[in-house]
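Student: Build me a model:
(2 chains)
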There are 2 protein chains.
Amino acid sequence: MVEALENNSPHKVVIVGGGFGGLYAAKALAKAKVDVTLIDKRNFHLFQPLLYQVATGTLSPADISSPLRAVLSKSKNTTVLLGEVNDIDPKAQQVVMGDEKIPYDTLIVATGAKHSYFGKDNWEEFAPGLKTVEDAIEMRRRIFTAFEAAEKEKDPEKRRDWLTFVVVGGGPTGVELAGAIAELAYHTLKEDFRKIDTTEAQVILLEGLDRVLPPFAPELSQEAEASLTQLGVVVQTKTLVTNIENDIVTLKQGDTVKEIASKTVLWAAGVKASAIGKVLAERTGVECDRAGRVIVESDLSIKGHDNIFVVGDLANFSHQNGKPLPGVAPVAKQEGEYVAALVQKRLQGATLPAFSYTDHGSLAMIGQNAAVVDLGFLKLKGFFAWLFWLVIHIYFLIEFDNKLLVMIQWAWNYITRKRGARLITGEESLAFANVDNNQTTSNYTPTNNIQPVNV
Amino acid sequence: MVEALENNSPHKVVIVGGGFGGLYAAKALAKAKVDVTLIDKRNFHLFQPLLYQVATGTLSPADISSPLRAVLSKSKNTTVLLGEVNDIDPKAQQVVMGDEKIPYDTLIVATGAKHSYFGKDNWEEFAPGLKTVEDAIEMRRRIFTAFEAAEKEKDPEKRRDWLTFVVVGGGPTGVELAGAIAELAYHTLKEDFRKIDTTEAQVILLEGLDRVLPPFAPELSQEAEASLTQLGVVVQTKTLVTNIENDIVTLKQGDTVKEIASKTVLWAAGVKASAIGKVLAERTGVECDRAGRVIVESDLSIKGHDNIFVVGDLANFSHQNGKPLPGVAPVAKQEGEYVAALVQKRLQGATLPAFSYTDHGSLAMIGQNAAVVDLGFLKLKGFFAWLFWLVIHIYFLIEFDNKLLVMIQWAWNYITRKRGARLITGEESLAFANVDNNQTTSNYTPTNNIQPVNV
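Tutor: Numbers count the residues shown, from 1 in each chain, chains lettered A, B, ... in the order given. Down below sits the predicted model:
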């Protein structure tokens, strides 16, 4: 049953999740004498830090995605499985995928996080989050549909609601989204409409704490806020959102309660760990934190199961300075690589010192010529930070795929403020005319033979 | 009411449809002293000739799309309206969009065609066609999911069905689709799977007539068939499809009836004109042909209504040689430009000779180093045809947008047989594991708190 007990059978490493944690673990094991199985629900790795650029019409999903099979094509010890893990059986050492059971000797769980509404799941309908390609396409649809609807709207109050964009959450994603929407409204789209003036749009960024980009140094938060304001974003800190419903965002600033009417509310506020954390907790007794992250040991294994590791956004690693490491790509990448190294050491009968994260710094893009870079020893802002951000992202994006020219084109479009990928697509987009026009007064009665006019 | 009767008000041209016919008409009117309104259901112009490259994972939708507002941004006399036209009122001279009525002095209808199942609309579920971005994404999902499902399948018969691809229709789209899938199976994906051998896949192209690419010269049809065969495509001509249902394609070859079991059937066989043709017929009495195309006069207007024009795939223009012009981009483009010129001439009290199409030739891509080009005076095949095809398509694609680098990258990927855009996306893709695994035997009972594991 447990094939690891058989002699001569290579050590089986099963990795669940092909994000930064899982993929870097798999790549680091490419030449090891182990059998690797990487399981993901999607057939591609997604470069999530640039997902907001898909949501705002600058990049296409494929530009920031790499097919997992292509990335691991030359790792002949690695099998990619497309599917969803529903259970883990630590006793039998198997993961369960539907009616299939996949045996492991070492298990690496790297299923990441999804956005969280702090228990207010009904907000999602009005304020979509940004974790998947589908999320980004939906945000893109909403943003560009809002401008289209405003162009058609005759009631000035409703038109204002269509031109009001609220971004909830002042972390990197929220700051980058708000900046990108402001650039769209105040620059890219300025000449494109005839009835509305897109520069009258309002972009409002709401943050609960007292500054945007809380993980950055305070002076960079200030710089980011100043840049956002200059771009035209209304930044409201110390602001708690208490409700989002029917195009109304209710918020609390101290004792004051306010309402903002907006047709486009975007969620960048909270994440929670993917549900497999709870499966692990049930099956192994490991503890999870409030966000659902699995508390890991100093070697990223879980208590009592030294052959089960959790890496990336799903892990709560607090051994370095008492605080959990942030849910960002570099942490996941280093954790994945550490576990891959540890597995190989162990097969040689050795071990490794505890995991330790090397922080190379943080970046956030605000808009044209405006970004903040915090490398610890060096803090950049303005044009040089912006250039640094572009180069770093091009560098990481072309790591798996040779997309250099696409990325240079992207940088060029970025400089010229072009947004070529602003397609309104998806099933819902096809119903645009019907949703936003009240067609009850149409005087045309279709006969049986006539289908809806396909313009 | 009819604003054209008022003095000083500029002549109003309404264009319905932003494909090749409508967009080129609008562009040709950019500097004319007329008011132009372009109405489309989508916010982008789609370069349909390359849609099959989206369906087969080479290009992203945005690579072959241009936002209509961006293309027409500098045409200050032009308003773009996003919406669906449901009726036309020739007496009041207005088009109806929901509860909105848009007055015109001149109307240009360019709503194109959609795919047609010759009355067997139930085939669509099993054999999707390729007209919209959503169609292409759906085809892409089916093609790449088929390889994934084959990798998981243990029953050899079912695995064979997953690895059998049937393309119905041997026109340019069918030939290009079949060639691209063969390249995927026999080259691009060859190293990417561990349990299946993708080179065992079968790609079958079915054509009712006696040769593929019927509009081309017979020797190029022969050349195309030879190239397809060399690529590994099984070409079956004189083959009529009589049914498509539950993964079985039934066909008739002479008196022989055959069945092909295939999980991936793609439709490239027939088109019919968009339904607005029938609206026009009802409202104006104009005749339509069997495919629903509007019979137009020699100046592309319709009988009895010299201010209503039909251009592109929706028009049946038979004045040149008795046969209707084919539904291809160059015809639509020239027709749109002709009508734009005629409208301007008329405003000067003049007119133009009848429309006449200048055929610059036809191209079709089969695969690596294999294409056919028929310029009339010059027929190319093999590598030079292939290179010619690439250059021509890059030239036309960058006409509206400055996407030169993206297109060079595309050509490079094409040469290296890379397919970076092979994402399985969309709501349905998220259910992949559930659809293709029978999960009834899962021994994990989710508690209330546990949501589906998001890998």
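
Student: Tell me the gap between stretch A:90-99 and the middle of its chain.
Tutor: Offset of stretch A:90-99 from its chain centre (CA atoms, centre = their mean, to the nearest Å): 28 Å.

Student: model confidence over it, on average?
Tutor: Across stretch A:90-99, pLDDT averages out at 95.

Student: ditto for stretch A:396-415
Tutor: When pLDDT is averaged along stretch A:396-415, the result is 76.

Student: what does stretch A:29-44 give?
Tutor: Taken as a whole, stretch A:29-44 carries a mean pLDDT of 96.

Student: Please apply the same query to stretch A:190-207.
Tutor: 96.

Student: Quick one: the strands in the stretch 101-250 of chain A, in order.
Tutor: Applying DSSP state E, counting those that start in this stretch to the stretch 101-250 of chain A gives strands spanning A:106-109, A:113-115, A:164-168, A:202-206, A:233-236, A:240-245, A:248-253.

Student: Counting neighbours, which bits of stretch A:407-416 end up buried?
Tutor: Neighbour-count burial for stretch A:407-416, counted by 16 or more other CB atoms under 10 Å in any protein chain shown, picks out A:407, A:408, A:409, A:410, A:411, A:413, A:414. Where you see a C-beta, it was placed from the backbone N, CA and C, and this is true even at glycine.

Student: residue of the stretch 151-300 of chain A with the smallest distance to chain B?
Tutor: Proximity of the stretch 151-300 of chain A to chain B (CB to the nearest CB) peaks at residue A:192, 3.8 Å away.

Student: Spell out for me which residue occupies the centre of chain A.
Tutor: What sits nearest the mean C-alpha location of chain A, by CA atoms, centre = their mean, is residue A:131, with 3.8 Å.

Student: Roughly how far does it sit from residue B:364?
Tutor: Distance of residue A:131 to residue B:364, given as CB to CB, to the nearest Å: 41 Å.

Student: Check whether residue A:337 sits in a helix, strand or coil.
Tutor: The assignment at residue A:337 comes out as helix when based on DSSP: H, G, I helix; E, B strand; the rest coil.

Student: I'd guessed it sits against residue A:23; true?
Tutor: No - taking contacts as CB atoms under 8 Å, residue A:337 lies outside contact range of residue A:23: 10.4 Å.

Student: Check which helix or strand the closest residue to residue A:81 other than its chain neighbours maps to.
Tutor: Leaving aside its chain neighbours, residue A:81 sits nearest to residue A:39 (4.6 Å; criterion: CB to CB, 6 or more residues apart in numbering or on different chains). According to DSSP states H and E, residue A:39 maps onto strand A:34-40.

Student: After that strand, which helix or strand is next?
Tutor: Beyond strand A:34-40 on the C-terminal side, the first helix or strand identified by DSSP H and E is strand A:44-46.

Student: Does that following strand reach chain B?
Tutor: Yes - applying CB under 8 Å from any CB of the partner chain, one finds strand A:44-46 in contact with chain B at residue A:44.

Student: what's that strand in contact with?
Tutor: By CB atoms under 8 Å, 6 or more residues apart in numbering or on different chains, the residues outside strand A:44-46 that reach it are A:18-19, A:23, A:64-68, A:71, A:132-133, A:400, B:422-424.

Student: Okay, and which of those residues map to strands?
Tutor: Among these, DSSP state E puts A:65, A:66, A:67 in strands.

Student: and chain B, which of those residues contact it?
Tutor: Applying CB under 8 Å from any CB to the ones in strands among the contacts of strand A:44-46, one finds that A:65, A:66, A:67 fall near chain B.

Student: Most neighbours out of those residues, which is it?
Tutor: Sorting those by how many neighbours each has (other CB atoms under 10 Å in any protein chain shown) puts residue A:67 first, at 28 neighbours.

Student: shaky segments in the stretch 51-200 of chain A?
Tutor: The stretch 51-200 of chain A contains no residues with pLDDT under 70.

Student: Any residues of the stretch 251-400 of chain A in contact with chain B? List them.
Tutor: Within the stretch 251-400 of chain A, the positions near chain B by CB under 8 Å from any CB are A:274, A:275, A:276, A:278, A:279, A:282.

Student: Nearest to residue A:376 among those residues?
Tutor: Relative to residue A:376, the closest of those is residue A:274; by CB to CB it sits at 30.3 Å.

Student: What count of nearby residues applies to the closest one?
Tutor: Residues near residue A:274, counting by other CB under 10 Å: 27.

Student: Okay, it and residue A:310: tell me how far apart.
Tutor: Applying CB to CB to residue A:274 and residue A:310 gives a distance of 11 Å.

Student: before we move on, the earlier item: nearest residue to the residue of the stretch 151-300 of chain A closest to chain B other than its sequence neighbours?
Tutor: Nearest non-adjacent residue to residue A:192, counting by CB to CB, 6+ apart: residue B:69, 3.8 Å away.

Student: Equivalent analysis for residue A:380, please.
Tutor: In space, residue A:380 is closest to residue A:373, 4.0 Å off (CB to CB, 6+ apart).
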